[in-house]
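Asker: no letters, just coordinates:
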């Protein structure tokens, strides 16, 4: 049966209904209430919040918690109510559910920028624009009924196109096709997805930590900050196994010229000799964070990459660098099909 969900302390307009088997997050988004979220798979922990009243269970029997949750938190993306609920999300705001759009985009440019990374630029149909916030992602149809998620690497003001950084995954349903895509090929996309927690008006120092193609949303955010002429201390730590995995040094050089208080650290985890030759840090990004940013008490941190990398960075940032947990923001890249289109968008 359908259950009613209210947000503790909010007005009655913030209440919404949740269908049987539907996650709390999806029900909220369908109703125009945006809670924090990213992966929608129960991995990243961005949607964690409290249930003040009522009971829930895991969608499809899944666990309602993971290691990122505090003892009294649950993951709203993977739990469904079994009674009426009152919830306490970390934050919420109203959005227009119709703002998400579908496009048939055309391949404009396909560049191999590293041995296992392609930068794919897609043009939208003439006269159409994509509205998204820096750091959000899209879902791309792969032709078998499933979708894959990719972050936009371009800034929001470049709204007639989207740029994706795609790592070639052996056997990947879409990434294995990317090297063969030609100019003019058509792809179905839907956007935007993801709730970006960064406050564009904040002034405290910010540290970005990216692993591999986790650089894509970081690039979007940094290009957006540059466009808006935001002035704040910025550190970028970008990790790769080998030196050629740091594949867009021209973008980094541009930021270094714009911001005198911009610091860049390349972290090379496997080729230590290459790291020395490149002037890079020899080791993982979490090790580079401790070495270069030992005191994050007055900073905020945005981390993007694999679940293991994000968890490692979160751990050292909070335990060794004094980062406040509420100032850790993550975008976790999870391989495989997306969680599916949001209710009402199919």
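Answerer: Thanks, I have it. From a predicted model like this one, the values you see are computed outputs, not experimental measurements.

Asker: only C-alpha atoms for contact and neighbour calcs from this point on.
Answerer: Noted.

Asker: would you map the strands across the stretch 151-300 of the chain?
Answerer: 161-167, 186-193, 206-211, 234-240, 262-268, 281-282, 300-305 (DSSP state E, counting those that start in this stretch).

Asker: any idea of the mean pLDDT in the first one?
Answerer: The predicted model assigns strand 161-167 a mean pLDDT of 97.

Asker: which neighbours does it have in its sheet, and in what orientation?
Answerer: strand 117-123 (antiparallel) (DSSP bridges).

Asker: give me the number of residues near residue 179?
Answerer: 15 (other Cα atoms under 10 Å).

Asker: go through this protein and flag its longest strand.
Answerer: In the chain, ranked by residue count with DSSP state E as the criterion, the top strand is strand 101-114.

Asker: any chance of the strands of the stretch 151-300 of the chain in TSV, with distance to residue 176 too?
Answerer: Shown next, in TSV, are the strands of the stretch 151-300 of the chain (distance: least, Cα to Cα, whole Å):
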stretch	distance to residue 176
strand 161-167	9
strand 186-193	15
strand 206-211	20
strand 234-240	20
strand 262-268	25
strand 281-282	30
strand 300-305	20
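
Asker: residue 150: which of those strands is closest?
Answerer: Evaluated over the strands of the stretch 151-300 of the chain, closeness to residue 150 peaks at strand 161-167, with 6.5 Å, by Cα to Cα.

Asker: returning to that earlier point: can you tell which of the strands of the stretch 151-300 of the chain is closest to residue 81?
Answerer: strand 186-193 (23.2 Å).

Asker: off-centre distance for that closest one?
Answerer: From the chain centre to the centre of strand 186-193 is a distance of 16 Å (Cα atoms, centre = their mean, to the nearest Å).

Asker: show the contacting residues for the residue nearest the centre of the chain.
Answerer: In the chain, the residue lying closest to the centroid (Cα atoms, centre = their mean) is residue 331, at 3.2 Å. For residue 331, the contact set (Cα atoms under 8 Å, 6 or more residues apart in numbering) comprises 38, 39, 44, 302, 303, 304, 305.

Asker: surely it forms part of a strand?
Answerer: Yes. Counting by DSSP: H, G, I helix; E, B strand; the rest coil, residue 331 is part of a strand.

Asker: show the pLDDT at it.
Answerer: 89.

Asker: who does it bridge with?
Answerer: residue 304.
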